[in-house]
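Student: A predicted structure for the sequence below; I have some questions about it.
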2 protein chains.
Amino acid sequence: MNIKINRNCEMPYYMQIVGAIKSMIGRQELIHGYKMPSERRLAKELDVHRNTVIKAYSVLVSEGFMTVSRSAPKGYFIDIPAEDDNFTNRFFPLEKMILYDYDRHTKKFMDIFADTFSDKYISFAGINMSKECLPVNGMEDIIKKLLEKASDGNILLAKLNETERTKQNICNMLVDENVYVKPQNIQLISETTKAFNLITTLYMREGDCIIVEEPVMPDAVSIVRNKGIEVITVPMDNDGMDMDLLENRIVRHKPKFIYTMPTFHNPSGIVMSLEKRIKLLELTHKYGVPIIEEDSQRDFRYTEERIPSLYSLDRYKSVVYIDSFTMLFPYGIKTGYVIGPTDLVKMLGVLVSLDEIFIDNIGDFLLNEYIERGLMKEHAIELATHYKRKRDLMCCCLDAISDKGITYDKPRGGVLLWCSLSNDISEKRVYEEAEKRGVLVMPGFVFYLDKYKGKGHLRLCFSNVSDDEIKRGIALLGEAIDASKRKV
Amino acid sequence: MNIKINRNCEMPYYMQIVGAIKSMIGRQELIHGYKMPSERRLAKELDVHRNTVIKAYSVLVSEGFMTVSRSAPKGYFIDIPAEDDNFTNRFFPLEKMILYDYDRHTKKFMDIFADTFSDKYISFAGINMSKECLPVNGMEDIIKKLLEKASDGNILLAKLNETERTKQNICNMLVDENVYVKPQNIQLISETTKAFNLITTLYMREGDCIIVEEPVMPDAVSIVRNKGIEVITVPMDNDGMDMDLLENRIVRHKPKFIYTMPTFHNPSGIVMSLEKRIKLLELTHKYGVPIIEEDSQRDFRYTEERIPSLYSLDRYKSVVYIDSFTMLFPYGIKTGYVIGPTDLVKMLGVLVSLDEIFIDNIGDFLLNEYIERGLMKEHAIELATHYKRKRDLMCCCLDAISDKGITYDKPRGGVLLWCSLSNDISEKRVYEEAEKRGVLVMPGFVFYLDKYKGKGHLRLCFSNVSDDEIKRGIALLGEAIDASKRKV
C-alpha cells in the first residue's frame, strides 16, 4: 500500500493510516470493492503493531469507508456506495473453467517427477543431472570474464552475437557425430519437449496422427493429444521398433510424422540397430512420412559402438533432429536445439520469437565459453565415465535381488535401467511400498498409452544418486518387492 | 569426422585419411548414402591442405567406396552397393510440408522487428530496452557473489529455492501496486506472449473466440488464430475500449476471454479510464467472460495518476494478470509471470513443465539479488525518468514537423508514440521512404486485423534511441513524409 508512516509526527499511527487510506479513496487509487490487505499483512508492511491496523480499519468501517466480510470472499473491502448498483455479482471462478486436460498417466508421471526434488526420498524416478559431477571446472574463470563484461553492461548488448556463436559451436560439436550442418540449419530452443511441441504445431492439425515407440514418454503424448492429434504406438524389440508393424500402421493410419529416440531410448534404454535405422528411412521415403529424431542421450555411451543417427543417414531432408544440453550443462535455460532444413528452421524461429523472447545472454555466454575452452568435451567424457560406473553399481545391486523377480537388459548407454518384474509382482504395489520406504521409482504403466498388458516394469534412473543411495535404495526396493507380494 | 592425423607417422596424410574412412565403413559408422564433408571442410577440420583431402577422396572413389555427385544432392557420398536396393528415392523435403501460417501483417511486423537490431537503422520500430540506461549499477557485486556460489557448483543446486525466492520477491513488489498475492498464485514463465499462449491453450478450443482491443499486437493475434480461435476486435476511444460495442460483441460472439492492456496500451498508448475499468469488470461478471490483463508497461508512468489494475479491482477471480521484467532487467530469460487463482496457476505450471524445463538459476539469482538489494525499484524510477525525457524530446521534434500532417496524443506513460497521419499521406509510402533514409518506423496497418480504414498511423518507439538519433530520425521522417507525397 502506498502508505507512509511518519514516526516523528504527533498524529497517532492509526490515524495516519486512516488518513492515507481516505486519501487513496479520494484519488480513486482504492475504489469500491477493493480487497484490503489483512490486518496482519498491513501491520507487517508498515512495521506497526497489528492492533494499530485493527484500530484504523475499525474507524474506517464505522465511518462507512470499508466493510468486513466474514464469509467468502473474506476480508476487508473498500465500500463506496454506487449511485446505481446493478452488479449481477455472478461468481465464476477461472479455476473451474479450464478445458485443458492431461491423462492420469501423465499426471502420475508429473507427480512422481515433482517429488524427485524432495530430500525425503532416494529418487530413481526423475532424470536429473548428477550432483556429483557438475560442470564447475573452469567456471570460475568464465564467470570472471563475465564479470568484466557485466560491469559496463556489455553482456546485455551482445544478444545476436551470442546466438550466432552458440549455433557455430553446435555445428562444430556435431562434427564428432558425423553431422555437418550450417548455422542456418539450427534453431535454439528451450528444451526438446518444446521443440517437439513446436514442430508438431508447424506440421500437424487436429485429427492428424503421429506414430511413436511404446513405451513412450507421457509428456510428449500429452502435448500432441491436447492438440487433438491421435497418437499411434508401435511396440519395440530389443533392437528398436517392430518394422513390419510400423509399415502396417503407416499404411493404415497415414501418420504425419514418426517420433523416435533411436539411441538409448527413454524409458527402455533400447538402441535401434543400424539395419532398422536403414529400414526406417526406407519406409519414411517410401511413404513420405518424415521423422522427428530425439538424440539427447548420445553422449552417455558405455561401449565403442557408434551407430549413426538417422539425421546423418538421411539424404532426403526427411529427418528433424532435436537435442539439448540439459544433462551436460545446466547453467542456462536455452539449452535445446533443432536441426532441419532452412525453411523449417526459419518458420520455427518465427514461432519461437512469437512465443518467447530469448535474451539469455548470460547462459549463452557461459555455454559458448565452456565449449570453446574445450571444457564441454572433457565434461561429457567425464560424465560418461561417471554414469558408466553408476550403471555398473546399480546392475550389481539389482543382481543381488534378482531372485525376487526383477530383471533388466544391461543398457549400452544412457542413465536408465528398464526393469521387468515377474508376473506375480504388481508394479503399482512395488511403487507404493518403495515410496513408503523413502525410495522413488517410476512405474512402467505411465509409459503405456492405454492398455498395458504383460509384465510389469520399473524405470530406474541412476544419474543423480550417490553410491550409498544406490546401495540402500535397491536394498529397500528389494524389501518393497517382498512386501508387495504379501496378501493384503 | 572421427579421423586423427598422426603427424609423426610416415604414412602420407591422404593415406591415413583413406584408412580412417575405410575403417569407419568397416565399423558401419559410415554407411551407404552417407554424405561426406566437402573437401574444404574436411581439410579445415583436419588441418591439412585441401589437395590432401582431394587425393584421399579420389582414391576412395576409384576404389568404389565413394561416389561423387555433381547434381543435387551434390557432394561425395559413401557407396556400398546393397544386395537388394529397392529404394523408392522419393524426395519430399520437410520444407514444403509446413501447414502453420501467419498472415502478412504479422510477417511485416516480424520483418521490421528483426531489422531493428541492425546497425544500419535509426530504429523507432521495435520495443527494446534502452542501451543508455542498463541495470548495471550493483551488478558487479552481485556477480561476485555469483562467482562464490559457482565455484563449487552451488548455484546449480539451488533450483527450487531460487524459484520460490523469485515468487516471493514478485509478491513483495506488487504490494506497491495494491496487489496482494501469495507465491502459490504466481507462475513464472518466459514472456507475456508465452503466458497468453498457454492461458488460451488451457481455456480455449478450435472454433472459440476471443475479444481484443484494436489496434492490437499482431503476434498475439497470430498465436490464437493458428489455434483456430477467432479474434473479434473492439475499437478504442482515447479512454479505452468502446464499452457499448464491447457488450454488443460479447452478446453476439460469446467470447471465451477478453484480452486487454489497459495501461499504456501497445501500440496506442491509451490508458483505460477507471470508469471503463469498472464497466469492463461489470460486463465480465454479467456475462461470465474472464479477462487476461497485460500490464507490462506500468512502471513507465510520467504523471502522478495511478489507476488501479483490473486485477486489483476484481473480487471474483475473473482476471488473469500477466507481466514481465523484460523492459527492466534483461539478464535472464525467465522474466515473465502470471497471476491468477491457485488451480489455474497449478495447471499452467504443468503446461510450462511439459513445454520447457526451467533451470535458469543464474538469471533467477541475479534477479532476486537485484530486487532484494533495492536496486530494481531504483532502476525502474531511473528508467521512467529517462523515458519521460525521451518522450518529451520526441514530442518536441515531432511538433517541429507537425505541419507535414503528423499528429499524436502525448502519452502519459509507456515508450511509444502513436501518430496519426493526415488523409493525404500513405503510411506505407512513409514507411518505405523512411526506410530508404535509414529510419525504421512501424506502419499502423500491422496492428489492424483485416480492413484498415480511415487515417494512417505510425508507431514510434523511443525506448532505445539516443537523443541525437531522435533528432536526426524525426527530421528524416519529415523528409520521408514529403517524399511520400510526391507523385510516383
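Tutor: Yes, it's here.
Student: pLDDT weak spots in the stretch 351-488 of chain A?
Tutor: Where the stretch 351-488 of chain A drops to pLDDT under 70, the residues are A:356-360, A:451, A:453-454, A:487-488.
Student: same thing with the stretch 51-200 of chain A?
Tutor: Ranges of the stretch 51-200 of chain A meeting pLDDT under 70: A:81-93, A:95-96, A:156-160.
Student: how about the strands in it?
Tutor: A:66-69, A:75-78, A:122-123, A:186-189 (DSSP state E, counting those that start in this stretch).
Student: near chain B at all, the shortest one?
Tutor: No: between strand A:122-123 and chain B, judged by CB under 8 Å from any CB of the partner chain, nothing touches; the nearest distance is 13.8 Å. Just so you know, the C-beta spots here come from the backbone N, C-alpha and C atoms, and that holds for glycine as well.
Student: mind listing what's buried along the longest helix seen in chain A?
Tutor: Assignment by DSSP state H gives helix A:375-400 as the longest helix of chain A. Residues A:375-376, A:379-380, A:383, A:387, A:390-391, A:393-395, A:397-398 are the ones in helix A:375-400 that count as buried (16 or more other CB atoms under 10 Å in any protein chain shown).
Student: helices and strands around that helix, which ones?
Tutor: strand A:406-408, strand A:416-421, helix A:467-485 (3 or more CB pairs under 8 Å, 6 or more residues apart in numbering or on different chains; DSSP states H and E).
Student: now do 6 Å
Tutor: Contact partners of helix A:375-400 among helices and strands, from 3 or more CB pairs under 6 Å, 6 or more residues apart in numbering or on different chains; DSSP states H and E: helix A:467-485.
Student: how far off centre is the longest helix of chain A?
Tutor: Helix A:375-400 sits 23 Å away from the centroid of its parent chain (CA atoms, centre = their mean, to the nearest Å).
Student: phi and psi next, for the closest residue to chain B within the stretch 201-350 of chain A.
Tutor: Closest residue of the stretch 201-350 of chain A to chain B, CB to the nearest CB: A:D343 (3.6 Å). Main-chain torsions, A:D343, degrees, to the nearest 10: phi -70, psi -40.
Student: contact partners of stretch A:59-75?
Tutor: Contacts to stretch A:59-75, defined as CB atoms under 6 Å, 6 or more residues apart in numbering or on different chains, come from residues A:V18, A:K35, A:Y76, A:F77, A:I78, A:D79, B:R315.
Student: those residues, buried ones only, as a PyMOL selection?
Tutor: The following PyMOL line selects those of the contacts of stretch A:59-75 that are buried, judged by 16+ other CB under 10 Å:
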select buried, (chain A and resi 18+35+76+77+78+79) or (chain B and resi 315)
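Student: possible to save the contacts of stretch A:59-75 as CSV with distance to B:I278?
Tutor: Formatted as CSV, the contacts of stretch A:59-75 follow (distance: CB to CB, whole Å):
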residue, distance to B:I278
A:V18, 24
A:K35, 15
A:Y76, 19
A:F77, 15
A:I78, 13
A:D79, 15
B:R315, 12
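Student: closest to B:N161 among the contacts of stretch A:59-75?
Tutor: Distance ranking of the contacts of stretch A:59-75 against B:N161, using CB to CB, places A:K35 first at 29.9 Å.
Student: got phi/psi on the closest one?
Tutor: phi -90, psi 120.
Student: mind listing what it touches?
Tutor: So A:K35 contacts A:G75, A:F77 (CB under 6 Å, 6+ apart).
Student: how close does it sit to B:N178?
Tutor: Remark: distance between A:K35 and B:N178 (CB to CB, to the nearest Å) = 9 Å.
Student: one more: A:K227?
Tutor: For A:K227, the distance to B:N178 - CB to CB - is 39 Å.
Student: can you check A:Y121 too?
Tutor: Relative to B:N178, A:Y121 is positioned 41 Å away (CB to CB).
Student: repeat that for A:C395.
Tutor: On the measure of CB to CB, A:C395 and B:N178 end up 60 Å apart.
Student: helix, strand or coil for A:V212?
Tutor: Assigned with DSSP: H, G, I helix; E, B strand; the rest coil, A:V212 falls in the strand class.
Student: that one is in contact with A:T260, isn't it?
Tutor: No: with contact defined as CB atoms under 6 Å, A:V212 does not count as touching A:T260 (7.6 Å).
Student: can you give me the buried ones in stretch A:241-253?
Tutor: Of all the residues in stretch A:241-253, those buried under the rule 16+ other CB under 10 Å are A:M241, A:D242, A:M243, A:L246, A:E247, A:R249, A:I250.
Student: how about stretch A:8-17?
Tutor: Those would be A:Y13, A:Y14, A:Q16, A:I17, for stretch A:8-17 by 16+ other CB under 10 Å.
Student: also stretch A:409-428?
Tutor: Neighbour-count burial for stretch A:409-428 [16+ other CB under 10 Å]: A:411-421, A:425-427.
Student: quick one: end-to-end distance for it.
Tutor: Start-to-end span of stretch A:409-428 (CA to CA, to the nearest Å) is 21 Å.
Student: cool, and stretch A:167-186?
Tutor: End-to-end for stretch A:167-186, by CA to CA: 6 Å.
Student: next: stretch A:320-337.
Tutor: End-to-end span of stretch A:320-337 (CA to CA): 11 Å.
Student: same thing with stretch A:64-72?
Tutor: With CA to CA, one end of stretch A:64-72 sits 20 Å from the other.
Student: for it, buried residues please.
Tutor: In terms of neighbour count (16+ other CB under 10 Å), stretch A:64-72 has its buried residues at A:F65, A:M66.
Student: same check on stretch A:271-289?
Tutor: So for stretch A:271-289, counting by 16+ other CB under 10 Å, buried means A:271-274, A:276-285, A:287-289.
Student: pull the CA atoms of it into PDB?
Tutor: Taking Å, rounded to 0.1, in the frame of the first residue of the first chain, the C-alpha atoms of stretch A:271-289 are listed here in PDB:
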ATOM      1  CA  VAL A 271      19.300 -48.800 -29.200                       C
ATOM      2  CA  MET A 272      17.800 -49.100 -32.700                       C
ATOM      3  CA  SER A 273      20.100 -51.300 -34.800                       C
ATOM      4  CA  LEU A 274      21.700 -50.000 -38.000                       C
ATOM      5  CA  GLU A 275      19.600 -52.400 -40.100                       C
ATOM      6  CA  LYS A 276      16.400 -51.000 -38.500                       C
ATOM      7  CA  ARG A 277      17.500 -47.400 -39.000                       C
ATOM      8  CA  ILE A 278      18.100 -48.000 -42.700                       C
ATOM      9  CA  LYS A 279      14.700 -49.800 -42.900                       C
ATOM     10  CA  LEU A 280      13.000 -46.900 -41.100                       C
ATOM     11  CA  LEU A 281      14.400 -44.400 -43.500                       C
ATOM     12  CA  GLU A 282      13.400 -46.600 -46.400                       C
ATOM     13  CA  LEU A 283       9.800 -46.600 -45.000                       C
ATOM     14  CA  THR A 284      10.000 -42.900 -44.500                       C
ATOM     15  CA  HIS A 285      11.000 -42.300 -48.100                       C
ATOM     16  CA  LYS A 286       8.500 -44.900 -49.500                       C
ATOM     17  CA  TYR A 287       5.500 -43.400 -47.700                       C
ATOM     18  CA  GLY A 288       6.600 -39.800 -47.400                       C
ATOM     19  CA  VAL A 289       6.400 -39.800 -43.600                       C
END
